[in-house]
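Engineer: Quick one: sequence and predicted model below, then my questions.
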Amino acid sequence: MTETDTETITVADVSDGPGGDADADAGTPVSLPVVELLTGRGFVTGKSGSGKSNTASVLVENLLANNFPVLVVDTDGEYYGLKEEFELLHAGADDECDIQVSPEHAEKLASLALEGNVPIILDVSGYLDDDEAKELLLSVARHLFAKEKKLKKPFLMLVEEVHEYIPEGGGLDETGKMLIKIGKRGRKHGLGIVGISQRPADVKKDFITQCDWLVWHRLTWNNDTNVVSRIIDAEHANAVEDLGDGEAFLMTDWSESVRRVQFHRKRTFDAGATPGLDDFERPELKSISDDLVSDLREISDEQERRESELADLRQQLEKKDQRIRELESELEEARDLSRMADRFAQAMLQTAEAPYRGGDGRNLARAAAASADQAELHDYERDADGAETEEAEAESDRPAIEPNEWPSLDGIGEREEAEDVEPDPEPEPEPETSATDEQADVTFGAAETTDDTAATTEETPTADSDATPATREAVVARFRDEISGLPELSRRMLAHYRAERTATPVDAHVAAGGTPDQPMAYGRNRPLRTAGFVERVDGDEYRYALPDRVAGAFDGHLGDTALEDVVREVERAFVDEETLSAEADDVRAPDERDEVEVVDDDVEGDDGFVDEDAEFVDESSETPAAADDATRQQMASGSTEEDPTERTDAEIL
């Protein structure tokens, strides 16, 4: 057994009164074994002003006087008075501390305490953020516990206001768990802990019940005295309310007794005393050696350097963020200007196409018959987006679309005389076909014909000897030529409009494989807009308008089913066959199609046009005639007057 194992310190005298020591007279000194204090678990409690902080200071003074270092966690800044007599490192956040510390200093503080034998006051009262104070305590406790596992040196850690870290009600944070761990396992490594609190009812009972020495100063609240009754007995619970200042019940495991004692007064400056009317002078305090804190100052200097660099980086980042915001604002202004320019260009284009300037208005379905200057403007717009073709080439590639130009008797006679040919005989009646076959091709003008009807169509005089007007083939060929002349990316954008029906140019451009760049997206969208394949509907959105253009080519006389077939043929120019085939399988019910009435082929006055085989049914009160009834009547009567259904190019277009 070493001398340290038997060394004791005298901290109090036996006191007279209820619950006193029956084996000792009043005034008998009370000594405590140093090893039990340094490595054990203690708890000191009492209401404010009862003397608990004085008792803790007396314990620390006696340990320091015998060269046993301790670490005091000071929550109220009242232990720096120990420096009046002892050299301690006062570390914390205040300017009065020897050094300002943070969690980065924790390992060095633990080394100074255990390896350098330096007493430390860890003053956490100056930290405005409680979480920062808890983080500092957690880091120091961890390093003390880790180092003691190797050193196994008796060392005491005293924690004020312990109920703030290990409360009875509520969960434990990492700091509380670490203190409980020291209480349970620190003894075997030589690390002891003492908790101090004025409310024992608020301290976790797992900690109190594991303590091997306890000091009960005056308590008055029922919740607190009930704890005394549970830990000691009811007699001491009643007596604890009448204890004097500095008087307490001392309960220890090594003596297995409860003694009523009067603790000594602390010798050093009482910084925690309640201020009174008397002036008091702060004594001269001892300073710690500069050599002991040099490493700590280096850590502080390095930390300040990092914080300064971090502040510089934050400032630079803020400048860059500000520049980004400025660029974003400029970009938004540029986008607004771009949209304004686009609207202005559209307004100018509509003005140029207005009737008072020689145009027929903004109807792209009649573009084939536009005036020369209007056609040049249309071609110029297309050429601006990459479609560099001459007006003559564009006109030669597109057959004239004249869906309602039916020949009159005069027109037929004049054309026959000009061509010096005999009039063709009356066409033979076409073979009967099923209603389904006729319904599939309800157009004004010839649509897709069989081999038998092709000859009849070729023999029928037309307005143009080189091309059959208003035929499905002509319409499909014309639109497919227009679409094929578009840039590849614009065609893919058109496919996106077809799938979504309504979209923005940027979304269509991205879906087509382009970038989200707005000017580029609108540039690729412009050929679609000027060609009438898409149409602005609201804000930046455009809708798919190809079906409208196809319907306009037939002047609105094409049924829904036939229109869908023609549109599908045109869409083969930019939609893959697999998609079209899949859509074709999803056919509509017969009752959803255009209502048609199939009539007998053997009709007197049959002029060989396909439209006579079908009569559109209108649910109005008046029954409309087929488009060529007037022509048949004129031919039957032999009238030479101008056919009222025959219209000029300008009217058709």
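Structural biologist: Ah, there it is.
Engineer: contacts and neighbour counts: CA atoms only from here.
Structural biologist: Noted.
Engineer: Hmm, Glu247 is touching Val261, no?
Structural biologist: Yes. Here Glu247 lies in contact with Val261, judged by Cα atoms under 8 Å, at a distance of 5.7 Å.
Engineer: Residues that sit against both of these two, list them.
Structural biologist: Common contact partners of Glu247 and Val261 (Cα atoms under 8 Å, 6 or more residues apart in numbering): Ser15.
Engineer: Mind checking what secondary structure Ile121 has?
Structural biologist: For Ile121, the assignment made with DSSP: H, G, I helix; E, B strand; the rest coil gives strand.
Engineer: Give the bridge partners for it, please.
Structural biologist: Beta-bridge partners for Ile121, by DSSP bridges, are Val72, His90.
Engineer: got a list of what it touches?
Structural biologist: Applying Cα under 8 Å, 6+ apart, we find Ile121 in contact with 71-74, 79-80, 88-91.
Engineer: If we use 10 Å, what do you get?
Structural biologist: The contact partners of Ile121, by Cα atoms under 10 Å, 6 or more residues apart in numbering, come to 70-74, 77-80, 82-83, 88-92, 97, 158.
Engineer: go on, Val124?
Structural biologist: 73-77, 91-94, 101, 130, 132-134, 136-137.
Engineer: any idea how far Lys205 lies from Asn66?
Structural biologist: Here the criterion is Cα to Cα, to the nearest Å. By it, Lys205 lies 32 Å from Asn66.
Engineer: Kindly report the same for Glu107.
Structural biologist: From Glu107 to Asn66 the distance is 25 Å (Cα to Cα).
Engineer: Then Trp216?
Structural biologist: Distance from Trp216 to Asn66, by Cα to Cα: 26 Å.
Engineer: Have a look at the two and say which one is more surrounded.
Structural biologist: Set Trp216 next to Asn66 and count neighbours by other Cα atoms under 10 Å: Trp216 wins out with 26 against 13.
Engineer: Quick check: bridge partners of the more buried one?
Structural biologist: Counting by DSSP bridges, Trp216 forms beta bridges with Thr45, Phe249.
Engineer: who touches it in this structure?
Structural biologist: 43-47, 50, 52, 198, 200, 225, 228, 236-237, 240, 243, 247-251, 260.
Engineer: biggest helix in the protein by residues?
Structural biologist: The longest helix of the chain (DSSP state H) is helix 290-352.
Engineer: Please name every helix or strand in contact with that one.
Structural biologist: Under the contact criterion of 3 or more Cα pairs under 10 Å, 6 or more residues apart in numbering; DSSP states H and E, helix 290-352 touches strand 89-92, strand 99-100, helix 106-114, helix 372-384, helix 518-530.
Engineer: if we go to 8 Å?
Structural biologist: strand 99-100, helix 106-114 (3 or more Cα pairs under 8 Å, 6 or more residues apart in numbering; DSSP states H and E).
Engineer: Out of those, indicate the one that is most buried.
Structural biologist: The highest mean neighbour count among these, using mean count of other Cα atoms under 10 Å, belongs to helix 106-114: a mean of 20.
Engineer: what about the residue nearest to Glu564 when sequence neighbours are not counted, helix or strand, and which?
Structural biologist: Leaving aside its sequence neighbours, Glu564 sits nearest to Pro547 (Cα to Cα, 6 or more residues apart in numbering; 7.9 Å). Here Pro547, judged by DSSP states H and E, is contained in helix 546-553.
Engineer: quick one: Phe145 and Lys181 touch, right?
Structural biologist: No. Using Cα under 8 Å, Phe145 is not in contact with Lys181, being 9.2 Å away.
Engineer: gap between the residue nearest to Phe269 when sequence neighbours are not counted and Glu160?
Structural biologist: Spatial nearest neighbour of Phe269, chain neighbours left out: Gly81 (4.6 Å); criterion: Cα to Cα, 6+ apart. Using Cα to Cα, Gly81 is found at 16 Å from Glu160.
Engineer: shaky segments in the chain?
Structural biologist: 1-5, 22, 273-283, 353-470, 585-653 (pLDDT under 70).
Engineer: please redo it, this time with the cut-off set to 80
Structural biologist: In the predicted model of the chain, residues 1-6, 20-23, 170, 271-295, 297, 300-307, 350-470, 556, 583-653 satisfy pLDDT under 80.
Engineer: just to revisit the earlier point, out of the helices and strands packed on helix 290-352, the one nearest Asp173 is which?
Structural biologist: helix 106-114 (18.6 Å; Cα to Cα).
Engineer: List the contacts of the closest one.
Structural biologist: 69-71, 118-120, 136, 139-140, 143-144, 147-148, 153, 155, 292, 295-296.
Engineer: quick one: it to helix 290-352, angle?
Structural biologist: 170 degrees (axes from the mean of the first three to the mean of the last three Cα atoms, to 10 degrees).
Engineer: Adjust the sequence numbering to begin at 4 for everything that follows.
Structural biologist: Okay, residue one is now 4; in that scheme the one you just asked about reads as helix 109-117.
Engineer: C-alpha coordinates for helix 109-117, PDB please?
Structural biologist: Extracted in PDB, the C-alpha atoms of helix 109-117 (Å, rounded to 0.1, in the frame of the first residue of the first chain):
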ATOM      1  CA  ALA A 109      -9.600  19.900 -26.000                       C
ATOM      2  CA  GLU A 110      -6.800  17.300 -26.600                       C
ATOM      3  CA  LYS A 111      -4.100  19.800 -25.500                       C
ATOM      4  CA  LEU A 112      -6.100  20.700 -22.300                       C
ATOM      5  CA  ALA A 113      -6.400  17.000 -21.500                       C
ATOM      6  CA  SER A 114      -2.700  16.500 -22.000                       C
ATOM      7  CA  LEU A 115      -1.800  19.400 -19.700                       C
ATOM      8  CA  ALA A 116      -4.100  18.100 -17.000                       C
ATOM      9  CA  LEU A 117      -3.000  14.500 -17.000                       C
END
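Engineer: Let me see the ranges of the strands in the stretch 154-303 of the chain.
Structural biologist: Counting by DSSP state E, counting those that start in this stretch, the stretch 154-303 of the chain has strands at residues 158-162, 194-200, 216-219, 250-255, 260-266.
Engineer: which SS state does Asp98 fall under?
Structural biologist: Following three-state DSSP, the label given to Asp98 is coil.
Engineer: which residues in the stretch 504-653 of the chain form helices?
Structural biologist: 508-514, 521-533, 549-556, 563-574, 580-588, 632-640, 652-655 (DSSP state H, counting those that start in this stretch).
Engineer: Also the stretch 4-153 of the chain?
Structural biologist: So, for the stretch 4-153 of the chain - with DSSP H, counting those that start in this stretch - the helices run 6-9, 37-42, 55-68, 109-117, 133-154.
Engineer: Among those, which comes closest to Arg268?
Structural biologist: Minimum separation from Arg268 across those (Cα to Cα) falls at helix 55-68, 6.7 Å.
Engineer: Okay, and the beta partners of Leu35?
Structural biologist: Ile12.
Engineer: my read: it touches Thr9, true?
Structural biologist: No. Using Cα under 8 Å, Leu35 is not in contact with Thr9; the gap is 10.0 Å.
Engineer: Tabulate the strands of the stretch 154-303 of the chain (a markdown table), appending distance to Glu491.
Structural biologist: Below are the strands of the stretch 154-303 of the chain laid out as a markdown table (distance: least, Cα to Cα, whole Å):
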| stretch | distance to Glu491 |
| --- | --- |
| strand 158-162 | 78 |
| strand 194-200 | 79 |
| strand 216-219 | 89 |
| strand 250-255 | 93 |
| strand 260-266 | 97 |
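Engineer: closest one to Thr178 among those strands?
Structural biologist: Thr178 lies closest, by Cα to Cα, to one member of the strands of the stretch 154-303 of the chain: strand 158-162, at 11.9 Å.
Engineer: What helices and strands are in contact with the closest one?
Structural biologist: Applying 3+ Cα pairs under 8 Å, 6+ apart, one finds that strand 158-162 contacts helix 37-42, strand 73-77, strand 194-200.
Engineer: quick one: it to helix 109-117, angle?
Structural biologist: Angle between the axes of strand 158-162 and helix 109-117 is 120 degrees (criterion: the same axes, to 10 degrees).
Engineer: partner strands of strand 158-162, parallel or antiparallel?
Structural biologist: Paired neighbours of strand 158-162 in the sheet (DSSP bridges): strand 73-77 (parallel), strand 194-200 (parallel).
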